[in-house]
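S.K.: My questions concern the predicted model and sequence given below.
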Amino acid sequence: MFKGKICISRIDKIGDMILTLPVIKSVKIQNPGSEIHVLASTYNVKVLKDIKYVDKVLSIGSNSRSSIKEIRQLRKIKYDFFINFLRFLKGQYENIIIIMYHSIVIDVGEQCRSFHRC
């Protein structure tokens, strides 16, 4: 059983966050002593509002200035694992910056979705 901080990043659309909820729940069930933080877009915060297996919701805005401020705050938190569900798609520089400052990063998902231009 792992006891530490895990950040799960899903900063894209609401439907993608909804599909990620079972994974977040599974991580919490398998690691009940861990603290689960979810990094979400401002759209997704509402979806995570009353989820009991999420200990903290961190929001990142679409505004560049607010994103920089939020990223600075995230850097202060020492995560043991950072699970990234959004590969580096065009315009998602926040993930790159955040990932650079965490020790163990797990990327999940395709590098390029068929309906995106990469």
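M.R.: Yes, it's here.

S.K.: quick one: contacts of the longest helix along the chain?
M.R.: When the chain is scanned for its longest helix (criterion: DSSP state H), the result is helix 14-30. By C-beta atoms under 8 Å, 6 or more residues apart in numbering, the residues outside helix 14-30 that reach it are 6, 8, 10, 34, 36, 38, 40, 43-44, 47-48, 51, 53-54, 83, 85-86. For glycine as for every other residue, the C-beta is placed from the backbone atoms N, C-alpha and C.

S.K.: before we move on, what about stretch 38-46?
M.R.: 7-14, 17, 24, 47-48, 54, 56-62, 74, 98.

S.K.: Just the buried positions in stretch 42-51, please.
M.R.: Judged by neighbour count (16 or more other C-beta atoms under 10 Å), stretch 42-51 contains these buried residues: 44, 47-48.

S.K.: Let me fix that, I meant to ask about stretch 18-33.
M.R.: 20-21, 24, 27-28, 31.

S.K.: Now do the helices in the protein.
M.R.: Taking DSSP H as the criterion, the chain carries its helices at 14-30, 45-48, 64-76, 93-100.

S.K.: In terms of mean pLDDT, which of those ranks lowest?
M.R.: Lowest mean pLDDT within the helices of the chain: helix 93-100, a mean of 52.

S.K.: quick revisit: quick one, which of the contacts of stretch 38-46 are buried?
M.R.: 7-12, 17, 24, 47-48, 54, 57-60, 74, 98.

S.K.: Next, count neighbours for Lys3.
M.R.: Around Lys3 there are 10 other residues, counting by other C-beta atoms under 10 Å.

S.K.: Please verify my assumption that it contacts Ser34.
M.R.: Yes - using C-beta atoms under 8 Å, Lys3 is in contact with Ser34, at 5.9 Å.

S.K.: so Ile77 sits right up against Lys56, yeah?
M.R.: No - using C-beta under 8 Å, Ile77 is not in contact with Lys56; the gap is 9.1 Å.

S.K.: who touches both of the two?
M.R.: Residues touching both Ile77 and Lys56 by C-beta under 8 Å, 6+ apart: His37.

S.K.: picking up where we left off before, columns distance to Lys69 on top of the buried residues of stretch 18-33, output as JSON lines?
M.R.: Shown next, in JSON lines, are the buried residues of stretch 18-33 (distance: C-beta to C-beta, whole Å):
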{"residue": "Thr20", "distance to Lys69": "25"}
{"residue": "Leu21", "distance to Lys69": "27"}
{"residue": "Ile24", "distance to Lys69": "25"}
{"residue": "Val27", "distance to Lys69": "27"}
{"residue": "Lys28", "distance to Lys69": "28"}
{"residue": "Asn31", "distance to Lys69": "30"}
